[in-house]
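Peer 1: Here is my input; please provide its structure:
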Amino acid sequence: MDFDGVVFGAGPNGLVAANLLADAGWRVLVLEAADEPGGAVRSAEVTAPGFVTDLYSSSYPLAAVSPVIKELNLERHGLKWRHAPDVLAHVLPDGRGVTLSTDIERTVASVAGFDSGDGDAWRAMHDEWAKVREPLMDALLRPFPPVRAAGKLLGATGSAAALRLARMLTLSARGLADERFGGEGAQLLLNGNAMHADAGIDGAGSGVFAWMLAMVGQDVGFPTPEGGAGALTAALVRRLEALGGQVECGRRVTEVLIARGTAVGVRDHEGNVIRALRAVLADVPAPQLYTELVGPQHLPPRLLDDLTRFRWDPATVKVNWALSAPIPWTAKEATSAGVVHLGGDMAMMSGACTDMAIGRTPRNPFLLLGQTTTADPTRSPAGTESVWAYTHVPQGQRWTKDRVARFADKIQQVVEKHAPGFGDRIIARHVQGPDGFPGTVNGGTAMIGQQLVFRPTPGLGRADTPVDRLYLAGSSAHPGGGVHGAPGGNAARAALAREKWGGAYKSLLGTANRLVFG
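Peer 2: Just a heads-up that it's a prediction; the model follows:
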């Protein structure tokens, strides 16, 4: 059967793209290589019966503020967001803790406990954020260049403030924190969020990731879907199917079919051909699309050369636990937080970043820990806790089963240090090494050299590819990783624009490609 649009990859971006095409009346088929949809947005009972674990991603602050996700009205299709009493706690090596809460007075009091002036400084930072929040998110999560959103952003700030905002985009997270705050509490909240975003704390441009994630958390928290991460995927699938779209799992695409420079369909692993009358959208990493599924004869040599310098985001080791009771934290701030940052003061976080930069497994890993039952009581039986913790390790290392288990023990020891008796509450443990993740979650590094017009390689910063009617819809495309649906939304809009404007759009894109790729 023929379809108007064929999407392959049923991660959140692929499903968002399929929904937008179906909204426009297209007949859409989504093909997924795995046995179930969701990509990095899935959940299952992998530790003990009755304990739901988010297998990869878990809390979704960017989904809560994404205009793309909001417009889908997924709450009408069964999605319900849940929140922990507090958003985040950062626990210092000496046992102290600092709290990020959606109650700004609670956050202000927490950071002021480290430096009396930091409460007012935090409030001032949030006031600055409130002025630019909507136009900034629109500018970041809509197609590049964001001409209309940029105009609104300039109008909201004025030229002088816009210059200061532009300067902030160049700062490292450490530099931004040092400029704004005198105490460790606020500094660690910012820098921990840079680590959370995989941007590090010392790299140029990492400050904006720290600032944005901290301020989004201050506004809307780090929500998680009731029942598990998979509930978000299920809502996307239900919405698509209600519009007549189809999702077929266990069908791996092995080739994009191209005729006269135009994508006309795909071939699956069994040799079946599925025709796409209007567009093919790929929710897969850029290197996979271009080097495995599209032949080099269809691509500019400069693009293929650029891909040899493509930088992946880090690999991950993750441990999931079923606990007989909540974690017995010594830092009271961690007790009510949905997410806890562990194992890091400024020096330790910087050391972990340096280790990663030279390809060495961090000696003092920075941990992100999720207390999912604290956020959503449906995740485990009453009085218990479903918990995960993960850290990043360099790409390209060899991780045997024994090595993963030893590293998981190290992660557990870090938790035990801050919560004596933690090990006694473990009912079951499940470990995921780098080989247990679906590729790289962010589709490439979040560092500034691979963002905006440089994502996935120096070019247009858009979903369009050098092949007509083929669109990059995954997190390798602008604006990158995070469950906000923007890459999928941008790809769908590009496909719809190509259909509307026809040859004029194709000619314009061809001119742009010649300018970029020669």
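
Peer 1: State which helix of this structure is the longest.
Peer 2: What stands out as the longest helix in the chain, according to DSSP state H, is helix 118-141.

Peer 1: residue ranges with poor pLDDT in this protein?
Peer 2: 144-162, 438-441, 460, 503-518 (pLDDT under 70).

Peer 1: how about a cut-off of 80?
Peer 2: Segments of the chain classed as low confidence (criterion: pLDDT under 80) are 1, 138-166, 168-169, 197-199, 343-344, 436-455, 457-461, 502-518.

Peer 1: Please parse it into its domains.
Peer 2: Annotated domains of the chain cover 3-33+250-308+442-517, 103-220 [automatic domain parsing].

Peer 1: And the ones you listed: which comes nearest Gln413?
Peer 2: If you check each of the domains of the chain against Gln413 by C-beta to C-beta, domain 103-220 wins as the nearest, at 19.5 Å. For glycine as for every other residue, the C-beta is placed from the backbone atoms N, C-alpha and C.

Peer 1: ok, Asn13 - contacts?
Peer 2: Each residue near Asn13 by C-beta atoms under 8 Å, 6 or more residues apart in numbering is listed here: 283, 473-475, 485-488, 491.

Peer 1: Using the three-state scheme, assign it.
Peer 2: When classified by DSSP: H, G, I helix; E, B strand; the rest coil, Asn13 comes out as helix.

Peer 1: Can you say which of the domains of the chain is nearest to Leu79?
Peer 2: Ranking these by their distance to Leu79 (criterion: C-beta to C-beta) puts domain 3-33+250-308+442-517 first, at 12.0 Å.

Peer 1: How much space separates Gly175 from Leu163?
Peer 2: In this structure, Gly175 and Leu163 are separated by 17 Å, where distance is defined by C-beta to C-beta, to the nearest Å.

Peer 1: no wait, Gly444
Peer 2: 29 Å.

Peer 1: Which one of those two is surrounded by more residues?
Peer 2: Neighbour comparison, Gly444 and Leu163: the larger count goes to Gly444, with 24 against 11 (by other C-beta atoms under 10 Å).

Peer 1: surely that one meets Trp312?
Peer 2: Yes - with contact defined as C-beta atoms under 8 Å, Gly444 counts as touching Trp312 (6.0 Å).

Peer 1: Give me the distance between the two termini of stretch 326-345.
Peer 2: From the first residue to the last, stretch 326-345 extends over 25 Å; the measure is C-alpha to C-alpha, to the nearest Å.

Peer 1: Report the distance from it to the chain centre.
Peer 2: When distances are taken as C-alpha atoms, centre = their mean, to the nearest Å, stretch 326-345 is centred 22 Å away from the chain's centroid.

Peer 1: Please shift the residue numbers so they start at 18 in all later answers.
Peer 2: Understood, numbering begins at 18; the last thing we discussed is stretch 343-362.

Peer 1: just checking, Arg446 is part of a strand?
Peer 2: Yes - checked against three-state DSSP, Arg446 lies within a strand.

Peer 1: What residues does it make contact with?
Peer 2: Counted by C-beta under 8 Å, 6+ apart, Arg446 has contacts 64, 336-339, 425, 429.

Peer 1: ok, back up a step: could you say which of the domains of the chain is packed most deeply?
Peer 2: Of the domains of the chain, the one with the most neighbours on average (mean count of other C-beta atoms under 10 Å) is domain 20-50+267-325+459-534, at a mean of 21.

Peer 1: Centre of the chain to that one, how far?
Peer 2: Centroid separation for domain 20-50+267-325+459-534 versus its chain: 19 Å, with C-alpha atoms, centre = their mean.

Peer 1: Give the pairing partners of the strand or helix carrying Ile291; include direction for each.
Peer 2: Assessed by DSSP states H and E, Ile291 sits inside strand 290-299. Strands flanking strand 290-299 in the sheet, each with its direction: strand 20-25 (parallel), strand 279-285 (antiparallel), strand 487-489 (parallel) (DSSP bridges).
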